[in-house]
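# pasting the sequence and the predicted coordinates here, then a few questions.
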Amino acid sequence: MIQKNSKAKEMHQVELMIGQILRIGVIVSAVVIVLGILLMVIQGNGGYPNGVQPEGFVAIAKGVVALKPYAVIMLGLFLLILTPTLRVVVSIYAFAVEKDRLYVWITTVVLIILVIASIIGYFEH
Amino acid sequence: MTNVIYSLLLMLGVGLLAGVFGAILGIGGGMIITPVLTLGLGLDIKYAIGASIIAVIATSSGSTIAYLKDEMLNLRVAMFLEIATTVGAVIGAILTGLVHPTFLYFLFGALLVFTTYNMIRKLMMKNEDAQNVEADRLATKLNLNGTYYDKALKKQVDYQVQNVPGGFTMMFGAGLASGLLGIGSGAFKVLAMDTIMHMPLKPSSATSNLMMGVTAAASAMVYFFNGSIKAGIAAPLAIGILMGALIGTRIMQHLKPRLIRMIFVPVMLYLGIQMIMKGFGVTI
C-alpha cells in the first residue's frame, strides 16, 4: 500500500514535469510568433516581395538571421508543430518511469509514425 | 501599413473566439476557423486548411496543460488510439493535394451537419453521464479504464471502457478527416470515446484535446513543407487561439455537458449547410 502511494506520487511528479516542459515549449513558440508579428507591424510587410514566403529550413534560417517577419513567424509555427511531438517523447519517459513496458512500446510506435510523417511531408514538396 | 494591422487584428479576434469555443466543446478551433475564413473572408480553402491545422495544434497544446493538472486526461487511451489517428492523418494530408476543392467543401459541410445530428441525438437522451458499463477484456488488458474528479458533481468518478476495436476504427476515420480537412476531428474523437467506448464526456473531451494536437502534428508537417501554411494568416490565428483556449478551459470545468451541447447545436448546423452550399457554388 505504501509502495503504491509512493508510485502514485512519483507519477504525479512526472506528470507535473511534463506539464512544465510543455508549457515552456508552448511559451517559446508563442514568443517567437509574437516577435514575428511585431516585426511585421513595425516593418509594415512580411519582408518578402509579393507575399512570397520562405520555404525549407535554409530559406527560413537565412530569413531569421536577417530578421524578416515571415521567416521568424515560420520558425515559431514550426516550433508550435513540434510541441505535440515533444508531448509524445516525454510520455514515453513517463511510461518508462511507471515501468509500463506495453505503453512504452505503444507510445514509441506513435513517435515513429510522426517521424515518418515529417519525412513524407519533406519529400512530397 | 494599416491594412497589415487590420488583417492581423481580424485574425487574432477570429482565433480568440475559436479558442474559447474549441476548448469548451472539446474540439480544435478548425471546425470554426475554416468556415469563417472561407465563407466570411473568401480565403482559398487550401490556405484555410493550412491555417486551421496550426490553430488545432495551438488549441490542443494550450489546453492539455490545464487538463493534465486536473487529471481528467486518460494518457493510455490517448496514446493507444493515436496509432490509428496519426496513420489516418498522414494518408489524409497526402490525399488533400489530390482532390478537388468542391469535394473538400462538401465533405466539410457534411461533417458539420453530421456532428450536429449527433449532438441533438445526445440531447434527447437523459442521464447522459451515468456510467453503467462493464469493461471488456481488451480494455482491461490494455489498462484503459480510468478515474477523474468531477468539479460539477464534486466527487471522484471511476469509469470503464468498452468496444476498443470499434473505437480504434473510428479513430482511423477521425485521423483521415483531420489530415484531409485540417481539422482536429474532435467531434469524431469524442464520439469514438464517449459513444462507442462509453467513456464519460469530460475525460473524453480532455483526451480528445491531447489527441488532436498529436494527430494534427502529423499532417501539419506535410502542410508546412508544401506551402499551405501562410505566415500572415496562421500566426495571428495561433496566438488568438492560444489565449482563447486558456480562457475556455477555465470556463469548461464549471459547466455541465448538456449546456455545452445546447450552445453548440444551432451554430454547427448553420455553418454545415453554408459549407455544403458553397461546395455546390451557391452563396446565401
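Structure received.
# tell me if I'm right that B:Met119 and B:Met268 touch.
Yes - contact criterion CB atoms under 8 Å: B:Met119 and B:Met268 qualify, at 6.9 Å. (Each C-beta comes from the backbone N, C-alpha and C, glycine too.)
# look at the two and report which has more neighbours.
Each of B:Met119 and B:Met268 has its neighbours counted (other CB atoms under 10 Å in any protein chain shown); B:Met268 has more, 26 against 19.
# return the set of buried residues in stretch A:100-116.
Buried residues in stretch A:100-116, defined by neighbour count with 16 or more other CB atoms under 10 Å in any protein chain shown: A:103-104, A:106-108, A:110-111, A:113-114.
# cool, stretch A:59-66 as well?
Of the residues in stretch A:59-66, those scored as buried under the neighbour-count criterion (16+ other CB under 10 Å) are A:59-60, A:63-64.
# likewise stretch A:21-40?
For stretch A:21-40, the buried set under the neighbour-count rule, 16+ other CB under 10 Å, comprises A:21-23, A:25-26, A:29-30, A:32-37, A:39-40.
# any idea how far that stretch is from the middle of the chain?
The chain centre lies 11 Å from the centre of stretch A:21-40; the measure is CA atoms, centre = their mean, to the nearest Å.
# run through who's touching that stretch.
Residues external to stretch A:21-40 that are found in contact with it (CB atoms under 8 Å, 6 or more residues apart in numbering or on different chains): A:46-47, A:67-77, A:79-80, A:82-83, A:86-87, A:90, B:4, B:8, B:61-62, B:64-65, B:68, B:231-232, B:235-236, B:238-239, B:242.
# just the buried ones from the residues you listed?
A:46-47, A:68-77, A:79-80, A:82-83, A:86-87, A:90, B:4, B:8, B:61-62, B:64-65, B:68, B:231-232, B:235-236, B:238-239, B:242.
# just the buried residues of stretch A:100-116: which are in helices?
Secondary structure defined by DSSP state H assigns A:103-104, A:106-108, A:110-111, A:113-114 of the buried residues of stretch A:100-116 to helices.
# which members of the residues you listed additionally contact chain B?
Near chain B, judged by CB under 8 Å from any CB of the partner chain, the entries from these are A:103, A:106-107, A:110, A:113-114.
# who in the stretch 51-200 of chain B is up against chain A?
On the criterion CB under 8 Å from any CB, chain A has as its neighbours in the stretch 51-200 of chain B the residues B:54, B:57-58, B:60-62, B:64-65, B:68-69, B:71, B:75-76, B:79-80, B:82-83, B:86-87, B:89-90, B:93-94, B:97, B:142-143.
# ok, 7 Å please
By CB under 7 Å from any CB of the partner chain, the part of the stretch 51-200 of chain B that sits against chain A consists of B:54, B:57-58, B:60-62, B:65, B:68-69, B:75-76, B:79-80, B:82-83, B:86-87, B:90, B:94.
# which of those are buried? Put it as a ChimeraX command.
Here is the ChimeraX selection string for the buried members of these, based on 16+ other CB under 10 Å:
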select /B:54,57,58,60,61,62,65,68,75,76,79,80,82,83,86,87,90,94
